[in-house]
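*Asks:* Need a 3D model of the following:
(one chain, ligands or ions: 1)
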Amino acid sequence: MPHSETTTITTPPPTAVTAPAAAAVAVAAPGPSGTTARSADGRGSWLRFSPAQPLFRARAAQRLAVLAYHGVTDPRSFGAQLDRLRRLATPVSLTAVEQAVAQGRPLPPRSVLITFDDTDRSVLTHALPALAVRRIPAAAFVIAELIGTDQPFWWHEAAFLARNGGRSRLVPTGRPAELLARLKALPDPDRRRSLHELRVSAHRRPPRQEQLTPEDLRALQADGVSIGNHTLGHPSLGRCDDATVHSEIAGAHLALGKWLGEPPTAFAYPDGGYDPRADAVLRQLGYRLGFLSDHRLGPRLPAHPLRISRLQVDSTTGTRRFDTILSGLEPALQRWRGVAV
Ligand SMILES: [Zn+2]
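*Replies:* Now for the predicted structure:
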């Protein structure tokens, strides 16, 4: 089942055009050729035709958009998104964001940074060629203990095991999305214990998943994709004790430094949620940037460099909906509706 870094957002956005007003305008607007919202070509693409879109786009030009992808499942659609960015935006590198922060100088208008979380092999096989041919930089946040292995992501494994007879005392197995939400909500030792119980009780072993190797990380970095820390094993840090928060970040930091020849300077929070204890560890280790998954635009000079907002996107997102995410209109509407993103 698909995994996403999720954060429920309920606070209203600080926009000049209020989200409810924008929603009213957007909802009143018909989609292309008179279609309604639900029948348009893909979720949210009708918003592209809202009168609010130009207002949001003008405002977004003065903001920093950091896009958070996971893998790239549709290289063609991803290529179309990159072409769109080259026309409408100014792609910037992780280093450029670090320099802007260090010098106290805002990034150029319409700046966009592309990032990947979890970083499966599709980032190397599908994303990298599309980025390299267009000379667009990016950053990839990796789960250090999976590098060089054939272990699946733990959330894929848990869903598979539950479908194949796996049982755990603390988590009743129901729908995969429910199972995953319950596992993430457990204190981390209980999540690990539950995973173990699922493993020993399931009647089939999960399929292996070939992960990136240290050489792959170096190849990505050499071609303009900076490598960042996404912890050792991708727990929800808010469910971990202090020692685990430290070891998850510092352990990955050490491993990545060894593989890359220099330590990473950027971190992405697993499941997207900020944790003040993690912030303290990141400062100790000299991190310059930290990324959330809050589905927001941020200032062109990040006010809190270890808490930079990101927009959730997917390679399959059509360019019309992609535009409304990039402008901040779709995220504003989601916050107004109180939708988990
Ligand atoms: Zn992640």
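
*Asks:* A243 - how many residues pack around it?
*Replies:* Counted by other CB atoms under 10 Å, the residues lying close to A243 total 8. Placement of C-beta: from N, CA and C, glycine included.

*Asks:* On the C-terminal side of the helix or strand where it lies, identify the next helix or strand.
*Replies:* Per DSSP states H and E: A243 is located in helix 242-260. Remark: after helix 242-260, the chain's next helix or strand is strand 266-268, criterion DSSP H and E.

*Asks:* Which helix or strand lies directly C-terminal to that next one?
*Replies:* helix 276-284.

*Asks:* which residues are in contact with that following helix?
*Replies:* L237, D242, V245, H246, I249, A250, F267, Y269, G290, L306, R307 (CB atoms under 8 Å, 6 or more residues apart in numbering).

*Asks:* Now restrict those to buried residues only.
*Replies:* L237, V245, H246, I249, A250, F267, Y269, G290, L306, R307 (16 or more other CB atoms under 10 Å).

*Asks:* For the closest residue to the fourth one other than its chain neighbours, the count of nearby residues, please.
*Replies:* Distances taken as CB to CB, 6 or more residues apart in numbering place V281 nearest to I249, at 4.8 Å, with adjacent residues excluded. Neighbour count of V281, defined by other CB under 10 Å: 20.

*Asks:* From P214, how far off is V281?
*Replies:* Distance, V281 to P214, using CB to CB, to the nearest Å: 23 Å.

*Asks:* okay, the buried ones among the contacts of helix 276-284 in CSV with distance to the ion and pLDDT next?
*Replies:* Compiled in CSV, the buried ones among the contacts of helix 276-284 are given as follows (distance: CB to the ion, whole Å; pLDDT from 0 to 100):
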residue, distance to the ion, pLDDT
L237, 11, 97
V245, 16, 98
H246, 19, 98
I249, 14, 98
A250, 18, 98
F267, 11, 98
Y269, 8, 98
G290, 13, 98
L306, 17, 98
R307, 16, 97
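
*Asks:* In contact with I325, which residues?
*Replies:* Contacts of I325 by CB under 8 Å, 6+ apart are G44, L311, Q312, V313, T317, P331.

*Asks:* right, and the third one touches F291 too?
*Replies:* It refers to Q312. No: contact between Q312 and F291 fails when scored by CB atoms under 8 Å: they sit 11.7 Å apart.

*Asks:* joint contacts of these two?
*Replies:* A68.

*Asks:* more crowded one of the two?
*Replies:* Neighbours were counted for Q312 and for F291 using other CB under 10 Å; F291 has more, 30 against 24.

*Asks:* Compute the distance between that one and S201, please.
*Replies:* For F291 relative to S201 (CB to CB), the value is 36 Å.

*Asks:* Could you do L301 as well?
*Replies:* From L301 to S201 the distance is 52 Å (CB to CB).

*Asks:* before we move on, what about L289?
*Replies:* 41 Å.

*Asks:* Next: R169.
*Replies:* 10 Å.

*Asks:* So if I had to pick from these two, which one is more boxed in?
*Replies:* With other CB under 10 Å as the criterion, R169 and S201 differ in neighbour count, and S201 comes out ahead with 15 against 9.

*Asks:* and the spatially most central residue of the chain, which of the three is it?
*Replies:* The residue lying closest to the centre of the chain (CA atoms, centre = their mean) is A68, at 3.5 Å. Assigned state for A68: strand (three-state reduction, DSSP: H, G, I helix; E, B strand; the rest coil).

*Asks:* What of the one 4 residues further on?
*Replies:* Judged by three-state DSSP, the three-state class of V72 is coil.

*Asks:* Over to it: give its phi and psi.
*Replies:* Note on V72: backbone dihedrals following degrees, to the nearest 10 are phi -120, psi 110.

*Asks:* before we move on, what about the one 10 residues further on?
*Replies:* Backbone dihedrals for L82, given as degrees, to the nearest 10, come out at phi -70, psi -40.

*Asks:* May I have the predicted confidence score for it?
*Replies:* pLDDT recorded at L82 is 97.

*Asks:* close enough to count as contact, it and P129?
*Replies:* No: L82 is beyond contact range of P129, at 10.9 Å (criterion: CB under 8 Å).

*Asks:* Checking the stretch of helix or strand H156 belongs to against the ion, do any of its residues make contact.
*Replies:* Here H156 sits within helix 154-163, counting by DSSP H and E. No: shown here: helix 154-163 not in contact with the ion (CB under 5 Å from the ion), separated by at least 9.2 Å.

*Asks:* Would you mark the buried spots in that helix?
*Replies:* So for helix 154-163, counting by 16+ other CB under 10 Å, buried means W154, W155, H156, E157, A158, A159, F160, L161, A162.

*Asks:* hang on, isn't the fourth one packed against L195?
*Replies:* If I follow you right, that is E157. Yes: using CB under 8 Å, E157 is in contact with L195, at 7.3 Å.

*Asks:* How about whichever residue of the stretch 151-300 of the chain sits closest to the ion: what's its closest non-neighbour residue?
*Replies:* Taking CB to the ion, the ion has its nearest neighbour within the stretch 151-300 of the chain at P270, 4.9 Å off. Nearest-residue entry for P270: H234, 4.6 Å, with adjacent residues in sequence omitted and distances by CB to CB, 6+ apart.
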